[in-house]
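K.L.:
Build me a model from this:
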Amino acid sequence: MALPASIDTLKASISRRGGMAKANRYAVYMTHPGRKRSLLGGLINADLQGIIGNTIRNVIGGGSPSLGSFLNDPRDIFLFCESVTMPGRQIATQDFFTDQKGLKKPYAYINDNVTMTFNLTNDYYMYKYMKSWMDSVITKDSNGGFNIAYKENYTTDIVIQQLGGQDYVPVYGIKLENAFPTTISSINLSNTAENTITQLTVTFEFDDWSEEGIAAGSLGNLGGLIQSAIIDNI
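P.N.:
Numbering: from 1, shown residues only. Predicted structure coming up:
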């Protein structure tokens, strides 16, 4: 027999649990491994060609050079992130037979890959960000050979958060441990794509993922918000 319920019961249950989670409310935080030890954690923009290109476009458009061109806004990554997947998890099993009956015995778990799609700006910021990251994994030496970098030099933790419906307080978050990009997609250009934004899809591998509490997620992003406030006032 079904329990008695009405639309008011459903509304009360949703309200009691903070509302419905909206898929377009999310944030992504990561630090480029090559910038962990750099000035202000990568706040300084080292892409000279991108700075020159943006400055030329500003001047042609009637503007003037801006000090902000020399800084990386820590919000750029999740602002340009068009979509992201939270990883699933599967328990791997093996068939075990006893008394003519087959049972599934777990022996390991498997994590899904994580993919992110980024909108590209005219300085190709996210493409250069990911390309330089991948270049740090397999490096080319002066003799034309290739070397694999030490893991601690090309991996970093990535935080993915589901945000509240009306605020920026995370309601759920996960941390990808020792993540790095393994695939950057090809970029499609077409004469028929006049009103289409160029996008880049990146696939990440990682050792494992774990849940982050609301308090840990909020405090962990405090540094990025402080950096953002500094940039807003320049």
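
K.L.:
Nearest to the spatial middle of the chain, which residue is it?
P.N.:
Residue closest to the average C-alpha location in the chain (C-alpha atoms, centre = their mean): Val28, at 4.2 Å.

K.L.:
Wait, it touches Val84, no?
P.N.:
Yes. Here Val28 reaches Val84: they are 5.7 Å apart, a contact under C-beta atoms under 8 Å. C-beta coordinates here come from the backbone N, C-alpha and C atoms, glycine included.

K.L.:
For those two, list the residues in contact with both.
P.N.:
Residues touching both Val28 and Val84 by C-beta atoms under 8 Å, 6 or more residues apart in numbering: Met116, Ile160.

K.L.:
hmm, back to that, check contacts around the residue nearest to the centre of the chain.
P.N.:
Ile77, Phe78, Cys81, Val84, Met116, Ile158, Val159, Ile160, Gln161.

K.L.:
Looking at those residues, spot the one nearest Thr9.
P.N.:
Lowest distance from Thr9 to the contacts of Val28 (C-beta to C-beta) belongs to Gln161, with 29.9 Å.

K.L.:
element containing that closest one?
P.N.:
Per DSSP states H and E, Gln161 falls inside strand 156-163.

K.L.:
For that strand, which helices and strands make contact with it?
P.N.:
Under the contact criterion of 3 or more C-beta pairs under 8 Å, 6 or more residues apart in numbering; DSSP states H and E, strand 156-163 touches strand 26-30, strand 170-184, helix 214-220.

K.L.:
what are the phi and psi angles of the residue of the chain most remote from its centre?
P.N.:
Distance from the C-alpha centroid of the chain, by C-alpha atoms, centre = their mean, peaks at Asp99 (49.1 Å). For Asp99, the backbone dihedrals (degrees, to the nearest 10) come out as phi 50, psi 40.

K.L.:
now the helices: where do they sit in this protein?
P.N.:
Remark: helices assigned in the chain by DSSP state H are 7-16, 48-60, 76-80, 125-135, 214-220, 222-232.

K.L.:
show me the contacts for Tyr168.
P.N.:
By C-beta under 8 Å, 6+ apart, the contact set of Tyr168 is Ala27.

K.L.:
So what's the predicted local confidence for it?
P.N.:
pLDDT for Tyr168: 78.

K.L.:
before we move on, what about Ser38?
P.N.:
At Ser38, pLDDT is 46.

K.L.:
Over to Thr155?
P.N.:
Predicted confidence (pLDDT) for Thr155: 94.

K.L.:
If we ignore the residues flanking it in sequence, what's nearest it?
P.N.:
Asn178 (4.0 Å; C-beta to C-beta, 6 or more residues apart in numbering).

K.L.:
contacting residues around that neighbour?
P.N.:
Lys151, Thr155, Thr156, Asp157, Phe206, Asp207.

K.L.:
which of those residues count as buried?
P.N.:
Buried residues within those, defined by neighbour count using 16 or more other C-beta atoms under 10 Å: Thr155, Thr156, Asp157, Phe206.

K.L.:
I figured the last one hits Lys151, correct?
P.N.:
No. Here Phe206 lies out of contact with Lys151, judged by C-beta under 8 Å, at a distance of 11.5 Å.

K.L.:
Can you give me the distance of Thr121 to Gln199?
P.N.:
Using C-beta to C-beta, to the nearest Å, one gets 11 Å for the distance from Thr121 to Gln199.
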